[in-house]
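Undergrad: Build me a model:
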Amino acid sequence: MTKNWLLYLSLLMCGLAGYTAYPVHAAQSESTSIAADEIGSRLPDFSLHDLKGHTVSSADLRGKVVLIDFWGTWCQPCKKEMPGYQKLLDRYGPEGFAVVGFKVSMMKDTENPLAFAKRIGVLYPLVVATDELTEKFGGIEGLPTTLIYDREGILRKKIIGFEYTSAIEAAIKPMLEQHSMFKGK
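TA: Just a heads-up that it's a prediction; the model follows:
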């Protein structure tokens, strides 16, 4: 009798704690969706032209580890970070790493963005971020803002403010190596 009583009490406690044996319905799961700028969210869909007129789209980034960098010509930390991102791209691009820079317009440019990129040695695609695009990424709280997505398009790291290249490299390497292990490299 004591075992039955303990079983009954356990079931009652589970019920009181909100336990349910029924699956969550789609309507319920929608209310718990992840915001666009939270870890675990997906890379938003976009297709825009970069500053050189080439199309840059999220579809082209599928299957890659992606670093999205929101920057401005007037942003001193951006000037320090961006050459490091180019070095990472040079090193890890062949392994499936991609970088896209989104230039924000919250302040007036201090120089021509293409001249700026050339001067600091950045060759990766640079796109003018529209308000609509910025909202797709959950808005921008400060510059620089760096978002790192894995090969599945899931946001794994978000950094607001300056970060050293070595820390970014430490974040992307496991994502790149994981894929290499599956390919037998």
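Undergrad: rest of the way, CA atoms for contacts and neighbours
TA: Will do.
Undergrad: Going along the chain, name the strands of this protein.
TA: 47-49, 55-57, 65-71, 97-103, 126-128, 145-149, 155-160 (DSSP state E).
Undergrad: And those: which comes nearest L114?
TA: Evaluated with CA to CA, the strands of the chain place strand 126-128 nearest to L114, the distance being 8.5 Å.
Undergrad: could you say what helices and strands that closest one packs with?
TA: Using 3 or more CA pairs under 8 Å, 6 or more residues apart in numbering; DSSP states H and E, the elements in contact with strand 126-128 are strand 97-103.
Undergrad: Dump the strand it packs on to CSV, restricted to CA.
TA: Taking Å, rounded to 0.1, in the frame of the first residue of the first chain, the C-alpha atoms of strand 97-103 are listed here in CSV:
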residue,chain,number,x,y,z
PHE,A,97,33.8,30.2,-43.4
ALA,A,98,32.1,33.3,-44.7
VAL,A,99,32.0,36.9,-43.6
VAL,A,100,29.5,39.6,-44.5
GLY,A,101,29.7,43.2,-43.3
PHE,A,102,26.5,45.2,-42.9
LYS,A,103,27.2,49.0,-42.8
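Undergrad: which residues touch that strand?
TA: Identification of contacts with strand 97-103 by CA atoms under 8 Å, 6 or more residues apart in numbering yields 61, 64-73, 85-86, 89, 124-129, 176.
Undergrad: I'd like the mean pLDDT over the lengthiest helix in the chain, please.
TA: As assigned by DSSP state H, the longest helix anywhere in the chain is helix 165-183. Mean per-residue pLDDT for helix 165-183: 85.
Undergrad: Report the buried residues of that helix.
TA: For helix 165-183, a neighbour-count test (16 or more other CA atoms under 10 Å) marks T165, I168, I172, M175, L176, H179 as buried.
Undergrad: Also stretch 54-61?
TA: V56, S57, L61.
Undergrad: With stretch 114-127 instead?
TA: Buried residues in stretch 114-127 (16+ other CA under 10 Å): F116, A117, V122, L123, Y124, P125, L126, V127.
Undergrad: Reformat the buried residues of helix 165-183 into a markdown table and put distance to E135 next to each item.
TA: Formatted as a markdown table, these follow (distance: CA to CA, whole Å):
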| residue | distance to E135 |
| --- | --- |
| T165 | 26 |
| I168 | 24 |
| I172 | 25 |
| M175 | 26 |
| L176 | 28 |
| H179 | 30 |
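Undergrad: closest to T145 among the residues you listed?
TA: When these are compared against T145 (criterion: CA to CA), the nearest one is I168, at 12.3 Å.
Undergrad: and the gap between the closest one and A98?
TA: From I168 over to A98 the distance is 13 Å, taken as CA to CA, to the nearest Å.
Undergrad: what sits against G142?
TA: So G142 contacts I160, G161 (CA under 8 Å, 6+ apart).
Undergrad: And F116, by the same measure?
TA: F116 neighbours (CA under 8 Å, 6+ apart): T73.
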